[in-house]
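K.L.:
The sequence isn't on hand, but the structure is:
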């Protein structure tokens, strides 16, 4: 609500007070206009402020409109506080809010203290677990070291108790039979050479080798050999040649240190003691390891060849033929040596579930038909039962001249545990004195 008349009166009054009459005469016309405009603007602004205050006062003094809310007959009339002064409900709400805030703060403090205690407990448990983990890590490392050591020990132990065979006894038997056949063929070739190229009976070269051959085979055998060669019978010569090569092969198979005969003998003695005093499974593994790490470097094939050439020289073979035969025989002995080394590996390191051994009855030993075979006996189809009984009853009464084929014995782990005797898998062949005496 505005009052234009009051505003104009107030504006003129303020303008008269703020600008005395004596000052107006001193101003120029332009200056009076500017001053008048400025003062008019200031008076207008102050007038608006005063009118706003008057309007506010009048609105506060007007009575309130009647309320439509019914009043309770029992309620008492409360004095309405002036605007800007807080009522009791406001204070109560503020107090309640303050109290609620204090409770929340206390609750938060309690929760914070509880969390601090839980954090402290968890930190302590964490340190304990870290210490325990460190201790377990140390034990783990110790266990790993111990496990590695036990693994090495177990592997070493298994190397001495394993009984897995890489070859069978039957395979060893087949190899030995082939070796016997090849040795026999060498002896037959040498016998044919003797028959084809022998010199007269009074040959001086034969007399030079007489003592050498007698030293090896004995007077009786050499005399019989001399007589048979004159009759062009090479049975005894071939048997002696076979025995010479077979003895060389047996030495190869049994050897543990070929480059030193004394050391080889000592190792053989150690092996015999181990076999007698130790479980066969452990003993066989010891033999396998020893054979593997003491493989023979060289074998003296020359000595074996020279022994055969001495027999041929005694038989009267000329020198030029003897030299050619020596070259051929040396090559054949080399092939036989390779097969003997293969059998050595099979017997010592291939068969671990049993002790397989090659046998060659010594010259002059007693003949036992249960353990040997007469290489020149009559075929079974033409022999009579009386002859068989006679041979069985002549055990120990007849001597052998020499062996002409290798035999095989086998002692399994079970039989060794039971202290049983080895089983004869392949009987060796022998030449009997009776065979020579029975020849026409």
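P.N.:
On my side now, so go ahead. Given the structure is predicted, the values throughout are model-derived calculations rather than measurements. Numbers count the residues shown, from 1 in each chain.
K.L.:
measure the closest residue to residue 350 other than its chain neighbours to residue 346 for me?
P.N.:
Of all residues not flanking residue 350 in the chain, residue 167 sits nearest, at 3.8 Å (CB to CB, 6 or more residues apart in numbering). C-beta: built from backbone N, CA, C; applies to glycine. Taking CB to CB, to the nearest Å as the measure, residue 167 falls 5 Å from residue 346.
K.L.:
Next, find the distance separating residue 227 from residue 239.
P.N.:
Separation of residue 227 from residue 239 (CB to CB) stands at 15 Å.
K.L.:
Just want to know which of those two has more residues nearby.
P.N.:
residue 239 (26 against 12; other CB atoms under 10 Å).
K.L.:
and after the helix or strand the more buried one falls within, which helix or strand comes next?
P.N.:
Assigned by DSSP states H and E, residue 239 belongs to helix 235-254. Once the chain leaves helix 235-254, the next helix or strand it forms, by DSSP H and E, is helix 261-277.
K.L.:
What lies in contact with that next one?
P.N.:
254, 255, 256, 257, 258, 283, 286, 287, 290, 294, 355 (CB atoms under 8 Å, 6 or more residues apart in numbering).
K.L.:
In three-state terms, label residue 155 for me.
P.N.:
helix (DSSP: H, G, I helix; E, B strand; the rest coil).
K.L.:
And the helix holding residue 239, what does it pack against?
P.N.:
Where contact means 3 or more CB pairs under 8 Å, 6 or more residues apart in numbering; DSSP states H and E, helix 235-254 is packed against helix 169-197, helix 219-230, helix 301-314, helix 319-345, strand 354-359, strand 400-405, helix 433-438.
K.L.:
and the ones you listed, which is most packed in?
P.N.:
Comparing these by mean neighbour count (mean count of other CB atoms under 10 Å), strand 400-405 ranks first with a mean of 24.
K.L.:
can you state the direction angle for that strand and helix 235-254?
P.N.:
Calculated by axes from the mean of the first three to the mean of the last three CA atoms, to 10 degrees, strand 400-405 forms an angle of 60 degrees with helix 235-254.
K.L.:
mind starting the numbering at 461 from now?
P.N.:
Understood, numbering begins at 461; the last thing we discussed is strand 860-865.
K.L.:
Return, as residue ranges, the portions of the stretch 511-660 of the chain with sub-threshold pLDDT.
P.N.:
By pLDDT under 70, the low-scoring segments of the stretch 511-660 of the chain are 511-548, 616-624, 659-660.
K.L.:
for it, what spans make up the helices?
P.N.:
Residue ranges of the helices in the stretch 511-660 of the chain, as given by DSSP state H, counting those that start in this stretch, are 548-621, 629-657.
K.L.:
Could you say which of those helices is packed most deeply?
P.N.:
Mean neighbours per residue, mean count of other CB under 10 Å, is largest over those for helix 629-657, with a mean of 18.
K.L.:
and that helix with strand 814-819, angle?
P.N.:
Using the same axes, to 10 degrees: helix 629-657 against strand 814-819 is 10 degrees.
K.L.:
Now do helix 629-657 against helix 761-774: the angle between them, please.
P.N.:
Using the same axes, to 10 degrees: helix 629-657 against helix 761-774 is 40 degrees.
K.L.:
quick one: helix 629-657 to helix 679-690, angle?
P.N.:
On the basis of the same axes, to 10 degrees, helix 629-657 is oriented at 60 degrees to helix 679-690.
K.L.:
related to what we said a few turns ago, doesn't residue 812 make contact with the residue nearest to residue 810?
P.N.:
No - checked against CB atoms under 8 Å, the pair residue 627 and residue 812 is beyond contact range at 9.9 Å.
K.L.:
neighbour count winner among these two?
P.N.:
Higher neighbour count among residue 627 and residue 812: residue 812, with 21 against 17, using other CB under 10 Å.
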